[in-house]
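**Q** compute the structure for the input listed below.
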Amino acid sequence: MELSDRIRKHFDDSAQTKLLVRDALAEPVAAAAKLMVDCLMNDGKILVCGNGGSAADAQHFSSELINRFEIERPGLAAIALTTDSSVLTSIANDYEFNQIFSRQVRALGMPGDVLLAISTSGNSINVIEAIHAAHEQSVRVIALTGREGGTVGEILESDDVHICVHAESTARIQEVHLLVLHCLCDAIDHLLLGG
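**A** Numbering: from 1, shown residues only. Here you go, the predicted model:
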């Protein structure tokens with residue numbers, strides 16, 4: 001296969017995956033946006049965590065809220081739990097890597113806040129621990145996962161929101177995750193500021 005044809009196939013596969021999951025994800029994404037807006041309107045904040053590419057997504061999402069997405073508006077309260085190297089390394093060193101997010105959720109999370117937990121596999125131990133900590137703190141959880149949702153899908157409570165991209169390819173799941181994050185940004189702005 002020519003390299004250009006291989007590249008075209010990636011575009012086709014990405015587009016097809018997005019279309020295949022569109023209808024299944026529309027309602028949970030809408031529910032997640034409403035939950036986030038309710039949190040923000042009641043002086044809450046959105047905490048975001050994930051590993052690797054999902055850590056980058058956590059930072060991307062929080063920056064879109066704090067700064068702006070596509071229209072001018074005041075900044076919205078969001079914290080990526082992936083960015084403070086001193087906090088991350090001290091927790092990993094003094095305790096264990098599995099607690100790098102959960103200790104932050106326990107320190108920063110307040111009732112009424114929202115945790116956006118991102119895990120492509122749904123099995124990231126430190127994300128699972130963050131969800132447990134969120135439940136202890138009365139912090140609502142929105143989980144963004146892939147495949148079948150993994151352990152994350154199993155531990156969510158009835159008032160949490162699960163956005164699961166039912167696909168096998170990590171790259172395709174992560175591409176849909178980015179689209180979902182942009183949909184959330186747009187929906188939040190729409191709900192806060194109107195059409």
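
**Q** could you dump whichever strand or helix holds residue 142 to PDB, C-alpha only?
**A** Using DSSP states H and E, residue 142 sits in strand 140-146. The C-alpha trace of strand 140-146 is given here as PDB (Å, rounded to 0.1, in the frame of the first residue of the first chain):
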ATOM      1  CA  ARG A 140     -20.000  14.100  40.500                       C
ATOM      2  CA  VAL A 141     -18.100  12.200  37.900                       C
ATOM      3  CA  ILE A 142     -18.100  12.300  34.100                       C
ATOM      4  CA  ALA A 143     -16.100   9.400  32.700                       C
ATOM      5  CA  LEU A 144     -14.700   9.500  29.100                       C
ATOM      6  CA  THR A 145     -13.600   6.000  28.200                       C
ATOM      7  CA  GLY A 146     -13.300   3.600  25.300                       C
END
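
**Q** I'd assumed residue 103 was in contact with residue 95.
**A** Yes. Here residue 95 reaches residue 103: they are 7.0 Å apart, a contact under Cβ atoms under 8 Å. C-beta here means a position set from N, CA and C on the backbone, and glycine is covered the same way.

**Q** between these two, tell me which one has more neighbours.
**A** Remark: of residue 95 and residue 103, residue 103 carries more neighbours, 19 against 12, as counted by other Cβ atoms under 10 Å.

**Q** Three-state assignment for the nearest residue to residue 67 once chain neighbours are set aside, please.
**A** Spatially, and ignoring its direct neighbours in sequence, residue 67 is nearest to residue 75 (6.6 Å; Cβ to Cβ, 6 or more residues apart in numbering). Look at residue 75: counting by DSSP: H, G, I helix; E, B strand; the rest coil, its state is coil.

**Q** quick one: contacts for residue 75?
**A** Residue 75 makes contacts with 65, 66, 67, 68, as judged by Cβ atoms under 8 Å, 6 or more residues apart in numbering.

**Q** over to the last one: give its phi and psi.
**A** Summarising the backbone geometry of residue 68 under the convention degrees, to the nearest 10, its torsions are phi -170, psi 160.

**Q** many thanks, I have nothing further to ask.
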